[in-house]
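Chemist: Sequence and predicted structure below; questions after.
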Amino acid sequence: MMIETRGLRKSFGDHVVLDGIDLSVAEGTIFALLGPNGAGKTTTVQILSTLLRPDNGEVRVAGHDPLREPDAVRAVIGVTGQFSAVDNLLTGEENLLLMADLHHLSRAEGRKRAVALLERFDLVDAARKTPATYSGGMRRRLDLAMTLVGNPPVIFLDEPTTGLDPRSRHTMWQIIRDLVADGITILLTTQYLEEADQLADRIAVLDQGKLVAEGTPDELKRRIPGGHIRLQFADVNEMELATRTLGDGVRDENELTLQIPTDGSVRSLKDVLDRLAHEAIAVEGVTIHTPDLDDVFFALTDRTNIQKGSVR
């Protein structure tokens, strides 16, 4: 595992921020931390990146202990987030060259790496311009490019797309996918549930300092009731036959549909269709509706003041 925590605890005074968190992040994967503000997401990243000391628990990043080997941890990680580290007085290229100097690269190697990153992040035309002229998406790309100057195998992305327009957010998503395809391990905190659903191999949901759920996006969705198979029929007689055959279901006589509860699995769909076929009941259309991460988040954190689609 590239990132591991066991029994991670952190308090500020009497306020418990992390209460025994266990995480395991495999190499070359995206692991997302979800949770409302104050759940402990950023505190977790700060501990993993050596910026905070935990009160208790074990932590390993690429095999190194952030407490005993902080320099070793810093050498293998990159951190970027919603608050850009870009220097507005330098050009995009100069920002990258500065990072190369900080990583003690030779002038030739630093310039070579800067050129490669400018091309990779589609910033060649803006290389000689200051970030004050950049769009929000361009600044985020430059910030991430600066993080990659040192070729870190582990990257912490703390809400990397907050405030970006949908096009820029999707561009950043593709960049993140490409990084993982290159073998980089990413720990992502995000307020956008769709972002976690699109990107993460595994998701941990934090609430009030506790880990309330962990699994793949599909595993988390299957934990929440409400999934159903929606069957469309050509006439009311076929719908009546299906109702008697399948039993438990919700009918809509105006739409000629029948909703059957499901766990979202292929097996449950096949079972329904096989039972209908056995009785020679014709179905005009079939759709499967499963809970999304919004439903998971609301159910697990019981927060009624969170907007649909994001964690505020």
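Modeler: Done, it's in.
Chemist: Give me the residues contacting the helix or strand harbouring V286.
Modeler: Assigned by DSSP states H and E, V286 falls within strand 285-289. For strand 285-289, the external contacting residues (CB atoms under 8 Å, 6 or more residues apart in numbering) are 227-232, 262, 264, 269, 273. Quick note: C-beta positions are derived from backbone N, CA and C, even for glycine.
Chemist: Please repeat the previous calculation with a cut-off of 7 Å.
Modeler: 227-232, 262, 264, 269 (CB atoms under 7 Å, 6 or more residues apart in numbering).
Chemist: Format the CA atom coordinates belonging to the helix or strand just after that strand as PDB.
Modeler: Following strand 285-289 in sequence order, the next helix or strand is helix 293-301 (DSSP H and E). Provided in PDB are the C-alpha atoms of helix 293-301 (Å, rounded to 0.1, in the frame of the first residue of the first chain):
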ATOM      1  CA  LEU A 293     -23.400   9.100  -4.400                       C
ATOM      2  CA  ASP A 294     -25.700  12.000  -3.400                       C
ATOM      3  CA  ASP A 295     -28.100   9.400  -1.900                       C
ATOM      4  CA  VAL A 296     -25.200   7.600  -0.200                       C
ATOM      5  CA  PHE A 297     -23.800  10.900   1.200                       C
ATOM      6  CA  PHE A 298     -27.200  12.000   2.600                       C
ATOM      7  CA  ALA A 299     -27.900   8.600   4.100                       C
ATOM      8  CA  LEU A 300     -24.500   8.200   5.700                       C
ATOM      9  CA  THR A 301     -24.000  11.700   7.000                       C
END
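Chemist: any idea which residue sits dead centre in the chain?
Modeler: Among the residues of the chain, the one closest to the centroid is A196, at 2.9 Å (CA atoms, centre = their mean).
Chemist: sorry, back to before: can you redo the contacts of strand 285-289 as CSV with pLDDT and distance to E214?
Modeler: Below are these laid out as CSV (pLDDT from 0 to 100; distance: CB to CB, whole Å):
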residue, pLDDT, distance to E214
G227, 81, 20
H228, 87, 26
I229, 92, 28
R230, 93, 30
L231, 95, 34
Q232, 95, 37
T262, 85, 23
G264, 73, 19
L269, 90, 27
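Chemist: Out of those, who's the most crowded?
Modeler: Comparing those by number of neighbours (other CB atoms under 10 Å), L231 comes first, having 26 neighbours.
Chemist: Name the nearest residue to that residue, ignoring sequence neighbours.
Modeler: Once flanking residues are discounted, L231 sits nearest to L258: 4.7 Å by CB to CB, 6 or more residues apart in numbering.
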